[in-house]
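Peer 1: missing the sequence, but the structure's below:
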């Protein structure tokens, strides 16, 4: 790559040009991805417990499916996604289970709720969008004795 400086032509080594292009691309990628929210929001509503393996976290789609007494540890809320994107939805469910494991929950109750309103978008388009909504729970029998009644 050449740059002109007065009457002189200054040659920049190719490796400098490649590094500059790489840094520029990295900044562009970081900027563009920072505009997209793809994580799950967590709202703590109870005490956190010792972490566990995420694969042990039970997954329910309604509170009626649970067979034991439980208490809420955290509310979980995911980003909007296309209802047809089953792979993305499965990824959000897995992410929710991993979050639940980190905060010591025993299970998650998760549903995909339809997005009901977005300004400037027709009702037909809205029906295709959903978001993850749920709760991480701890079974009462698994709460340490010293924490009961608090």
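Peer 2: Everything's here; your move. The shown structure was predicted, so the numbers you read here are calculated from the model rather than taken from an experiment.

Peer 1: Quick one: neighbours of the closest residue to residue 54 other than its chain neighbours, just the number.
Peer 2: Of all residues not flanking residue 54 in the chain, residue 101 sits nearest, at 3.8 Å (C-beta to C-beta, 6 or more residues apart in numbering). Backbone N, C-alpha and C define where each C-beta goes, glycine included. Look at residue 101: counted by other C-beta atoms under 10 Å, it has 19 neighbours.

Peer 1: Remind me which helix or strand residue 101 belongs to.
Peer 2: Per DSSP states H and E, residue 101 falls inside helix 86-102.

Peer 1: next SSE after that helix?
Peer 2: Once helix 86-102 ends, the next helix or strand along the chain (criterion: DSSP H and E) is strand 107-114.

Peer 1: could you pull out the strands for the chain?
Peer 2: 2-5, 8-11, 41-44, 58-60, 70-82, 107-114, 129-139 (DSSP state E).

Peer 1: Can I get those strands in JSON lines including mean pLDDT, mean neighbour count and distance to residue 88?
Peer 2: Converted to JSON lines, these look like this (pLDDT from 0 to 100; neighbours: other C-beta atoms under 10 Å; distance: least, C-beta to C-beta, whole Å):
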{"stretch": "strand 2-5", "mean pLDDT": "53", "mean neighbour count": "8", "distance to residue 88": "46"}
{"stretch": "strand 8-11", "mean pLDDT": "63", "mean neighbour count": "9", "distance to residue 88": "48"}
{"stretch": "strand 41-44", "mean pLDDT": "95", "mean neighbour count": "13", "distance to residue 88": "16"}
{"stretch": "strand 58-60", "mean pLDDT": "97", "mean neighbour count": "16", "distance to residue 88": "17"}
{"stretch": "strand 70-82", "mean pLDDT": "94", "mean neighbour count": "18", "distance to residue 88": "5"}
{"stretch": "strand 107-114", "mean pLDDT": "93", "mean neighbour count": "18", "distance to residue 88": "11"}
{"stretch": "strand 129-139", "mean pLDDT": "94", "mean neighbour count": "21", "distance to residue 88": "10"}
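
Peer 1: Having no further points to raise, I will conclude here.
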